[in-house]
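Student: Sequence and predicted structure, then a few things I'm wondering about:
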Amino acid sequence: MSSSADTVESAVMPALLDPAQLKSAGSLSRREPFPFLVAEHVLPDQARTALREDFPRYRGAGYFPYSDADCGPVMRELVAELTSPAFADAVGVALGIERLSSYPTLVTTCRSLNKRHGTIHTDSKSKVASVLLYLNESWPEAGAGCLRLLGSIDDIDDLVVPEIKPVYGNLVAFKRTENSFHGHLPFEGERRVIQVAWLTSETEKARKTRRGRASRLLKWLLGKLDRRHGSDRDRNAFHR
């Protein structure tokens, strides 16, 4: 599709996200043990096919910096809405963060994971808050690959809410704190997700973007080694 056609399509495309959906009856918001929000069905069903086709086709596993050039028009529109000031401030209200829109945003996307991914962690101190928006049509079972918000760093079964399946339209947001523990049981295969992180500075955004691009190249070159690394990790594995 030409760029001019993309422009026309974007111009007539209805909004994919309504910030008010974060306060819908199906959402769950808590401040303890750390501020978080879980919402379901935040995306329209009619966008499923387009978002599946527009999602970037990475060869490596893990999260990589978002690029407009890698995506189709509907995916680009969704990212634009996820990074809008209105959406950021709606997330900030849910998490108790004033003017979240004033922080730089870093968008990463993940198409697939290896078993080494998902160890328990809190995110780096350069993150103020994060949103995970899942785009998988279905999920085979509970457990492997389902996000867990946790009460401790060394127990994957210490859930503070039921685990969240990474299915289309499920969204999780949380404030980064010293105890914002999260992770999932080992999983290998396709697991599509968009992550938006609000960072402490533009310097941190540039650093993380450079590192993410280098990681994408390295994983493309060393794909088989990357799959073997950590494939037998303990279910309670964690990193600070």
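Tutor: Arrived safely, thanks for sending.

Student: With adjacent residues omitted, what lies nearest to residue 209?
Tutor: residue 65 (4.9 Å; CB to CB, 6 or more residues apart in numbering). All C-beta atoms are positioned from the backbone trio N, CA, C, and that covers glycine.

Student: neighbouring contacts of the strand ranked longest in the chain?
Tutor: Selection of the longest strand in the chain by residue count, based on DSSP state E, yields strand 189-199. For strand 189-199, contacts defined as CB atoms under 8 Å, 6 or more residues apart in numbering pick out 55, 63, 66, 78-79, 82-83, 88, 100, 103-113, 123, 126-136, 145, 166, 205, 208.

Student: repeat that for 6 Å
Tutor: Taking contacts as CB atoms under 6 Å, 6 or more residues apart in numbering, the residues outside strand 189-199 that touch it are 55, 82, 100, 103-113, 126-136, 145, 166, 205.

Student: go on, stretch 30-41?
Tutor: For stretch 30-41, using CB under 6 Å, 6+ apart, the contacting residues are 22, 26-29, 94-96, 149, 151, 164, 169-175, 177, 179-180.

Student: Give me the subset of those lying in strands.
Tutor: 28-29, 149, 171-175.

Student: sorry, back to before: from residue 194, how far out is the residue nearest to residue 209?
Tutor: 12 Å (CB to CB, to the nearest Å).

Student: hang on, the earlier thing: ok, what's across the strand from the residue nearest to residue 209?
Tutor: With DSSP bridges applied, residue 65 shows beta-bridge pairing to residue 108.

Student: got a pLDDT number for it?
Tutor: Residue 65 carries a pLDDT score of 91 in this model.

Student: got it, and residue 14?
Tutor: 74.

Student: Repeat that for residue 17.
Tutor: pLDDT, residue 17: 89.

Student: and residue 128, that one's in a helix?
Tutor: No. Per DSSP: H, G, I helix; E, B strand; the rest coil, residue 128 lies outside any helix segment and is strand.

Student: Who are the contact partners of it?
Tutor: Per CB under 6 Å, 6+ apart, neighbours of residue 128: 103, 198.

Student: pLDDT at it, what is it?
Tutor: 98.

Student: do the same with residue 4
Tutor: pLDDT, residue 4: 37.

Student: Quick one: end-to-end length of stretch 18-37, please.
Tutor: 15 Å (CA to CA, to the nearest Å).

Student: what do you get for stretch 136-149?
Tutor: OK, stretch 136-149 end separation, CA to CA: 19 Å.

Student: any weak-confidence spans in this structure?
Tutor: Across the chain, the ranges flagged by pLDDT under 70 are 1-13, 25, 212-231, 238-240.

Student: so where do the helices sit in it?
Tutor: Using DSSP state H, the helices of the chain run over 3-12, 48-54, 73-82, 85-95, 202-221, 223-228.
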